[in-house]
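In: Quick one, structure for this:
(one chain, ligands or ions: 1)
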Amino acid sequence: MIRDWPAMRRWSLDYLRTAYATTPVVTLRAESGRVIMNSETGAVEERMQLREFIGAVHAGVNDRYLTSRMSALPKSLRRDTPLPMYCAGASWHNSNLWIGPAGTIACLHRDLADNLHAMVSGRKRFTLVAPRQGSLVYPNGLFDSFPNGCRVDIECPDYSRFPKLRGVETVVAELEPGDAIYIPRRWWHHARTLAVSVSVNFWWASGLQRVIVLLADTIKRVRGISR
Ligand SMILES: O=C(O)CCC(=O)C(=O)O
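Out: Next up, the predicted model:
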């Protein structure tokens, strides 16, 4: 799917840092690599220039994760990562750029749209849980600051607090440059960055699913939740 992307040839960290030095990007605060979820506002966003973020990655800092909307980034970056044919027919799509150092963790959560996550460089491990097993991962409530998240650490299960976790079946996939993973809507997913990574994902939805995605986004915005 992505072998022929210009990004696969061009997007080294040094290229991005030089060519898009002053491009503003959105990062999420992380603690020892784990993305922080504030109990009131969800993820904690911080804006900076791309060269500042990549400089911190080179310096071995592990307290931020770049997750910027592709639509807010220069057109030339979007041209380097063309829309995959699988989602081209959808009436709604959205796309993010992700850059993070090794050890970055996006904890188990689910999205309402279908998703393709493609690795340009680096390595990531995805752990997936099927929607039918949702009750076993102790989902957060609808009014939580992270309504699409859950209370468990799927990599380090605490069976005494969360005994139902014993029944969970996971699907684990390690992605390398040029790989992409399809994460169907409502599938729980946890991502650990194994080596400094640059990736791009695409969410898409059509029909009633599109209405549900847009409604959920609007409710989050009204509540002041950033992710
Ligand atoms: O790659 C990550 O760290 C998280 C990706 C993710 O949550 C997604 O693609 O929906």
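In: residue ranges with poor pLDDT in the protein?
Out: Low-confidence segments of the chain, defined by pLDDT under 70: 39, 226.
In: next SSE after the longest strand that it contains?
Out: Taking DSSP state E as the criterion, the chain has its longest strand at strand 188-205. Using DSSP states H and E, the helix or strand that follows strand 188-205 in sequence is helix 207-222.
In: report the angle between the axes of that next one and strand 188-205?
Out: Orientation of helix 207-222 against strand 188-205 (axes from the mean of the first three to the mean of the last three Cα atoms, to 10 degrees) gives an angle of 110 degrees.
In: how about the residue located most distally from the centre of the chain, secondary structure?
Out: Going by Cα atoms, centre = their mean, the residue of the chain most distant from its centre is residue 160, 29.0 Å out. Three-state assignment for residue 160 (DSSP: H, G, I helix; E, B strand; the rest coil): coil.
In: Give me the neighbour count for the residue nearest to residue 134 when sequence neighbours are not counted.
Out: Distances taken as Cβ to Cβ, 6 or more residues apart in numbering put residue 188 closest to residue 134, at 6.9 Å, once the chain neighbours are dropped. The way it works is simple: take the backbone N, C-alpha and C, and place the C-beta from them, glycine included. Using other Cβ atoms under 10 Å, residue 188 is surrounded by 26 other residues.
In: Dig out what residue 188 forms beta bridges with.
Out: residue 129 (DSSP bridges).
In: which ones are touching it?
Out: Taking Cβ atoms under 8 Å, 6 or more residues apart in numbering, we find residue 188 in contact with 108-110, 128-131, 133-134, 137, 150, 154.
In: is the longest strand of the chain anywhere near the ligand?
Out: Yes: with Cβ under 6 Å from any ligand atom as the criterion, the ligand is reached by strand 188-205 at 189, 191, 201.
In: got the buried residues for that strand?
Out: Neighbour-count burial for strand 188-205, counted by 16 or more other Cβ atoms under 10 Å, picks out 188-194, 196-205.
In: next one: stretch 21-41
Out: For stretch 21-41, using 16+ other Cβ under 10 Å, the buried residues are 23, 25-30, 33-35, 37.
In: Point out the residues in this structure that sit beside the ligand.
Out: 98, 106, 111, 115, 117, 124, 189, 191, 201.
In: just checking, the last one touches residue 98?
Out: Read that as residue 201. Yes: with contact defined as Cβ atoms under 8 Å, residue 201 reaches residue 98; the gap is 6.9 Å.
In: thinking again about what came up before, strands - which of the buried residues of stretch 21-41 land there?
Out: Using DSSP E, the buried residues of stretch 21-41 in strands are 25-30, 34-35, 37.
In: Convert the C-alpha atoms of stretch 61-78 to CSV, please.
Out: Taking Å, rounded to 0.1, in the frame of the first residue of the first chain, the C-alpha atoms of stretch 61-78 are listed here in CSV:
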residue,chain,number,x,y,z
VAL,A,61,13.8,13.1,25.6
ASN,A,62,10.7,10.9,26.1
ASP,A,63,8.0,13.2,27.3
ARG,A,64,6.1,14.1,24.1
TYR,A,65,4.4,12.3,21.3
LEU,A,66,3.7,14.2,18.0
THR,A,67,0.2,13.5,16.8
SER,A,68,-0.8,16.2,14.3
ARG,A,69,-3.7,16.4,11.9
MET,A,70,-2.3,16.0,8.3
SER,A,71,-4.9,18.6,7.2
ALA,A,72,-3.1,21.2,9.4
LEU,A,73,0.3,20.4,7.9
PRO,A,74,1.8,21.7,4.6
LYS,A,75,0.3,20.3,1.4
SER,A,76,3.6,18.9,0.3
LEU,A,77,3.6,16.5,3.3
ARG,A,78,0.1,15.3,2.3
